[in-house]
Structure formats: structure tokens, C-alpha cells
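Trainee: Structure of the sequence below:
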Amino acid sequence: MFDVALDLLMTFVYLTRSALNELISSALTNHDDLDTAKCPNLLITQTLFPVRHPRGADVYTVFQEDNYLFANPNRTFLLENISSDTTDKLILLMLDGWEGVQTKGSSIFGPCPENRCALTTNRANFNRSAAVVYLASWMKCELGQNNVAPVRAFPEQVFVYAMGESAIYGQPCGYMLEKDFFNWTLTYRLDSDIRAHYTYRVPLEKERRNFAAGKRKMVVWIVSHCQTSSEREKYVRELRKYVAVDVYGRCGNLSCGRNGTDEVCLDVMREYKFYLSFENSMCRDYVTEKMIRALEHEIVPIVYGDGNYLMYPPKSYIHTYDYSSPARLAEYLNFQDKNDEEYNKHMEWRYNRRLIQSSGEFSAKSNGFCRLCQKLHSSLLSSNQKSYPSIKTWWDNGVQQVLEGTFPETVCRRANWLLGPMNITDKTSVQGFQIIKRGKKYRRL
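Mentor: Down below sits the predicted model:
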């Protein structure tokens, strides 16, 4: 099953086939731990989920966390040799005041495996920055004076497209749309050159316990965005007809903390058995930190979105797509509420899984900066950087093709929860969805 994966890896890694076989065998034998001594000069720079691998192979992913290499079946990976380059890399962030980036300089890279980088928002440093990161946002198109595209200061300088919003709420614009402007992408998407994600190290449970104990309430939702393209609010409105859902924040009648992330608010979550981890957009790979927030606080998340949830432990979450209606989901939740043994099955993974990797918005909390620093120090860097002919096509591909009737995988869709998930391999699944034109953007209703 590993033949094709090994063929792919041999392009990037100078290891023998037997050595790679040994690494993979070690991962399977030692419960996801790879012996780094067998590959001391390797560093992970990219991970991809091969949902539909072009050669139909079972492939493998490896990623690094705190000097360990972890492997997971059903993923593929690219490895690159660590360069001998010891020069600190300066990263210019285009847009001062980026939410989530409170620290400048090198301190933000302290926990990273490769930390020889520094972050700046001073555009006077443009000419000496190894990478220029453009936080694309539909709210801020005018990134440069007179919207004139900047010119690379030197051939190896890398322009990075970074986006923390989904494609519904964030689009490239202005000079970012120019041909071959960007070299790399840094987003939540699994096919990004650098993927922003969160990693949560789970303390292994040594003794069996009842996770339902002390949880007196059923379902909680902390939310501030009240009208969304995913129409999650409509789903919750229907769900509340059948099961108690406490809504905190701007969209509910309860409050805790200032913004739903304060410790006092997170402590409130511990009283509940289930947390609504509902996304505001139905976009491919889009899973925000809500999922990790629930798992951290020993609550079973109920998810609603088009992200790839297969990266999470089996039965660690409940997906709305598995139920034909909110009423059916409520039946299952009420059953769980009365049966601690069944509820604890959603916590079984805590006895044997110690690391969870989640897609997420690109922020200082994610390790997107770490991976960017790693990639900048890679020996594969050269003046012949790859480039994206159209970042718009990559970021929001498929919409025009849907209009043309070819029905490929699309990046985002406007939800109608009554129809359930869209099967992108079935042309009939788009029935009931209407394509409209809003200005220069096509969106799916």
C-alpha cells in the first residue's frame, strides 16, 4: 500500500526505500512515534490530505511536533532537507494591527522547531525581508500606495498569500490578482503550501472515569456572528425545539466574559455535555478553533461545516450531517444524556491519543509562522520560485466551472441544511442550489 507514497517521497528525500519502509513500520509499531535518529536532517514543510489521490494510493503523512515525528495513515507528506543556512530570516507582515499577531520580533518563533526568524510590520524593511506576507481581506484592498503592485527586492524574496477567513468572507483583490504575484499560500486549506493549523497535546487518561459526571446541562453555543452564509443559526433555531441549547454571546440571551474566550466563559463550558462547533461558512477544509476549544474542555463537539473532520479521532465529535434533521440529532443527544456509558464512548480516544492536529485560521495561535520559518530555511529555496498564475482561481476555484456545468469540487457553498451535505462526485447533488451573480462574485445559494 505504500509503494506510491514511497515513490512520491523519493523525489524529496534522500533515503533508501528500505529506510522509508523502516520509518513507516516504526510508526505503526510504536503508536505513531517515528525515530528521529533515523532521519536527523529532515524537516516537515507541508502536509496534504489526499482525499482523491490522482493515483488512487493509500498514502502517509508525517509532521513534526516538539522534536518528534508523528505519522498518521490516510495522509501524505513531503519532507525537505534542512539547509545549513544559519541566517535569521525577516518576515514582513503587510497590514499592521493584524488581529492575533500581538508579538513582533523573534519571540513569536520561540517555540518553533526552526526559530531563526523575526517578524516585522515596518514596511521600511521590505527590501531585506525574506518573505512578504499579504493578509488578504475583502475589507482592505488598498494594500499599497495607489494600489501599485510591489516589485520583489531580490529574486529569492517570497510573496505569501495568507488568509484567515473563509473564501466566503475573504477574497484577494487589487494587485494581488496580478498574474504570478504570489509564490506560496498560507491558509487553513489542506492544499496550501504552508498550512495554518492548531495542535493540541492531549494528556493521556491513565484511569477510566465518567466524563459525564458533574455535567448538569446539555448543549452550549458561544457565538457572536448571528447571520451567516452557512445558515447555522437556522439549524440551531430548529434544534432548540427538541433539546435545550444555551446560547451565550451577542446572538443569545446569556453572557460570560467579554468575547466568549475568557477563562470565566470557558469554565462555564465544562458544565455542558455538548458544544456546538458550527462554522459560519461551508468551505472546504474550513475548521476553526471552536473544535479544539471543545476538546480541550472535555466536551463533545457537535460540528456543522464542510471541513475535513477525518483528521480528528473517531467518535470524538458528532457531525450534523449524520442525521437527517435537527430533530433526529436531538433524539440522539437526549439518548446520550440519559446513558453515561454511551456518552463516554465519545471520550474513548483520550486513553490512547495524545496529539490532535486541527486546521484553523491563520493567527499567532497557529503554527503557520513556524512552518513559514521552516520553509524559508529550506535548502530547496532558489531564485526559481513557483508562482500562482491566478491566486483567485486557486482560492475560489470551481464556481465558474459549476456555472459551466462540469461540477468539480467547489471551495465554498451557501448552505441549506435541509439538503444535507453536498456530494461533489454526484452531479445531481447540486439540484436545489441556485447560482447567482453578486457584483463580480459568483456565489452558491
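
Trainee: going forward, measure contacts between C-alpha atoms and count neighbours the same way
Mentor: Will do.

Trainee: and stretch 122-136, what's its mean pLDDT?
Mentor: Predicted confidence along stretch 122-136 averages 89 (mean pLDDT).

Trainee: List the buried residues of that stretch.
Mentor: In terms of neighbour count (16 or more other C-alpha atoms under 10 Å), stretch 122-136 has its buried residues at 126, 129-136.

Trainee: Just the ones in strands from these, please.
Mentor: 131-135 (DSSP state E).

Trainee: mind listing the strands for the stretch 201-350 of the chain?
Mentor: If DSSP state E, counting those that start in this stretch is used as the criterion, the strands of the stretch 201-350 of the chain fall at 217-222, 245-248, 272-278, 282-283, 300-304, 318-319.

Trainee: pLDDT wise, what is the closest residue to residue 372 other than its chain neighbours at?
Mentor: Spatial nearest neighbour of residue 372, chain neighbours left out: residue 194 (6.6 Å); criterion: C-alpha to C-alpha, 6 or more residues apart in numbering. What the model reports as pLDDT for residue 194 is 87.

Trainee: likewise residue 300?
Mentor: We have a pLDDT of 96 for residue 300.

Trainee: For burial, what's the neighbour tally of it?
Mentor: Burial of residue 300, expressed as a neighbour count using other C-alpha atoms under 10 Å, amounts to 26.

Trainee: and which of the buried residues of stretch 122-136 is nearest to residue 148?
Mentor: If you rank the buried residues of stretch 122-136 by distance to residue 148 using C-alpha to C-alpha, residue 134 comes first, at 14.0 Å.

Trainee: That closest one: what's it in contact with?
Mentor: With contacts defined as C-alpha atoms under 8 Å, 6 or more residues apart in numbering, the neighbours of residue 134 are 93-95, 159-162.

Trainee: Which of those residues scores worst on pLDDT?
Mentor: Going through the contacts of residue 134 one by one, the lowest pLDDT turns up at residue 95, 68.

Trainee: And the ones in strands among the buried residues of stretch 122-136, which two are furthest apart?
Mentor: 131 and 135 (12.6 Å).

Trainee: what bits of the stretch 51-200 of the chain have low per-residue confidence?
Mentor: 51-87, 95-107, 137-147, 198-200 (pLDDT under 70).

Trainee: before we move on, back to that, mutual contacts of residue 131 and residue 135, please.
Mentor: Common neighbours of residue 131 and residue 135, using C-alpha under 8 Å, 6+ apart, do not exist here.

Trainee: how does this protein divide into domains?
Mentor: Structural domains annotated on the chain: 3-81, 89-196+361-392, 205-352, 397-444, as defined by automatic domain parsing.

Trainee: Neighbours of the closest residue to residue 369 other than its chain neighbours, how many?
Mentor: Closest residue to residue 369 in three dimensions, ignoring its sequence neighbours and counting by C-alpha to C-alpha, 6+ apart: residue 109, at 7.3 Å. Neighbours of residue 109 under the rule other C-alpha under 10 Å: 22.

Trainee: so residue 109 touches residue 118, yeah?
Mentor: Yes. In this structure residue 109 lies within contact range of residue 118 using C-alpha atoms under 8 Å: 7.4 Å.

Trainee: Model confidence for residue 26, exactly?
Mentor: You'll see residue 26 listed with a pLDDT of 57.

Trainee: actually residue 369, not the one I typed
Mentor: 83.

Trainee: cool, residue 416 as well?
Mentor: So residue 416 comes in at 56 (pLDDT).

Trainee: Residue 213: how many residues sit nearby?
Mentor: Burial measure for residue 213: 10 neighbouring residues, criterion other C-alpha under 10 Å.

Trainee: Let me fix that, I meant to ask about residue 290.
Mentor: 18.

Trainee: Compute the distance between it and residue 174, please.
Mentor: Note on residue 290: its distance to residue 174, by C-alpha to C-alpha, to the nearest Å, is 32 Å.

Trainee: what is the residue nearest to residue 372 paired to in the beta sheet?
Mentor: In this structure, residue 194 bridges to residue 186 when assessed by DSSP bridges.

Trainee: can you count the residues close to it?
Mentor: Once other C-alpha under 10 Å is used to define contacts, residue 194 is seen to have 28 neighbours.

Trainee: Leaving out sequence neighbours, find the closest residue to residue 351.
Mentor: For residue 351, ignoring the flanking residues on the chain, the nearest one in space by C-alpha to C-alpha, 6+ apart is residue 205 at 4.9 Å.

Trainee: List the residues that contact the nearest residue in space to residue 307 that is not next to it in sequence.
Mentor: Spatial nearest neighbour of residue 307, excluding adjacent residues (C-alpha to C-alpha, 6+ apart): residue 285 at 3.8 Å. By C-alpha under 8 Å, 6+ apart, the contact list for residue 285 reads 188-190, 306-308, 359.

Trainee: 6 Å instead?
Mentor: 189, 307-308 (C-alpha atoms under 6 Å, 6 or more residues apart in numbering).

Trainee: distance of it from residue 296?
Mentor: Between residue 285 and residue 296 the computed distance is 21 Å (C-alpha to C-alpha).

Trainee: How about residue 351?
Mentor: Using C-alpha to C-alpha, we find residue 351 at a distance of 14 Å from residue 296.

Trainee: do the same with residue 374
Mentor: For residue 374, the distance to residue 296 equals 27 Å [C-alpha to C-alpha].

Trainee: which of those two has more neighbours?
Mentor: Counting neighbours by other C-alpha under 10 Å for residue 374 and for residue 296 shows that residue 374 has the greater number, 24 against 16.

Trainee: where's the more buried one, which helix or strand?
Mentor: Under the criterion of DSSP states H and E, residue 374 resides in helix 368-376.

Trainee: Now do that helix against strand 131-135, angle only.
Mentor: Taking axes from the mean of the first three to the mean of the last three C-alpha atoms, to 10 degrees, one finds helix 368-376 and strand 131-135 inclined to each other by 150 degrees.

Trainee: which parts of helix 368-376 are buried?
Mentor: Neighbour count says helix 368-376 has 368-376 buried, by 16+ other C-alpha under 10 Å.

Trainee: Going along the chain, name the helices of the stretch 301-445 of the chain.
Mentor: Across the stretch 301-445 of the chain, reading from the start of the chain, the helices by DSSP state H, counting those that start in this stretch fall at 326-337, 340-344, 368-376, 391-395, 399-404.

Trainee: what's the average pLDDT for the longest one?
Mentor: For helix 326-337, mean pLDDT rounds to 96.

Trainee: what does the fourth one give?
Mentor: Computed over helix 391-395, the mean pLDDT rounds to 86.

Trainee: now swap in the last one and tell me
Mentor: Over the span of helix 399-404, the pLDDT mean works out to 42.

Trainee: Make residue 1 into 29 and carry on from there
Mentor: Renumbered: residue one is now 29, and that last one reads helix 427-432.

Trainee: ok so, going back, quick one: which of the ones in strands among the buried residues of stretch 150-164 is nearest residue 303?
Mentor: Residue 303 has its nearest neighbour among those in residue 163, at 30.2 Å by C-alpha to C-alpha.
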